[in-house]
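Trainee: Give me coordinates for this.
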Amino acid sequence: MGMNVGSSGGSGEPEVMMDINTTPLIDVMLVLLIMLIITIPIQLHAVNLNMPVGNPPPTEIKPEVVKLDIDERSVVFWNGEEIGDRATLEAKMKAAAEQAVQPEVHLRPNKYAKYEVVAAVMAATQRIGLTKMGIVGSEQFVDGK
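Mentor: From the prediction side, this is the model:
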């Protein structure tokens, strides 16, 4: 049962074990744990959003597309026109950023262009405030098997 306490008193009887039987304690703890798990409500990991119903109205004004190309020599082209230096590029970007409807900037780097030049063009685009920018032609960077 629980605990046996006693002394043999020097007789020939074997010594009495004085340890607590922990099996019933473990059983009770397991039952309490199972009851706790069952009674906890199920937590929903969802965020309820009120989304608009239907399709948004089409925009009347389509933004113009500016094609920024960077060739294998790391030369930057603005709509096919070669840009000589960074100041000219930034002046064109500022003029585009100040338009009422900002143009979409399609950046198309050559896979052999220097990363430094591509990163500088992307940083200038962000710093000046052109928000509609995408990298076009990235399939050239995937190795064909």
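Trainee: measure residue 132 to residue 115 for me?
Mentor: 23 Å (Cβ to Cβ, to the nearest Å). No exception for glycine: its C-beta is placed from N, CA and C like everyone else's.
Trainee: who has more neighbours, those two?
Mentor: Between residue 132 and residue 115, counted using other Cβ atoms under 10 Å, the more crowded position is residue 132 (15 against 9).
Trainee: wait, isn't that one in contact with residue 107?
Mentor: No: Residue 132 is beyond contact range of residue 107, at 11.2 Å (criterion: Cβ atoms under 8 Å).
Trainee: ok, and what's touching the lowest-mean-pLDDT helix or strand in the chain?
Mentor: Least confident helix or strand, the chain: strand 133-135 with a mean of 87, by mean pLDDT, DSSP states H and E. Residues from elsewhere that reach strand 133-135 (Cβ atoms under 8 Å, 6 or more residues apart in numbering): 104, 105, 106, 107, 108, 109, 122, 125, 126.
Trainee: Export those residues as a markdown table, with columns for distance to residue 24 and pLDDT.
Mentor: Converted to a markdown table, the contacts of strand 133-135 look like this (distance: Cβ to Cβ, whole Å; pLDDT from 0 to 100):
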| residue | distance to residue 24 | pLDDT |
| --- | --- | --- |
| 104 | 73 | 90 |
| 105 | 74 | 91 |
| 106 | 74 | 92 |
| 107 | 72 | 91 |
| 108 | 75 | 92 |
| 109 | 73 | 91 |
| 122 | 69 | 91 |
| 125 | 72 | 91 |
| 126 | 68 | 90 |
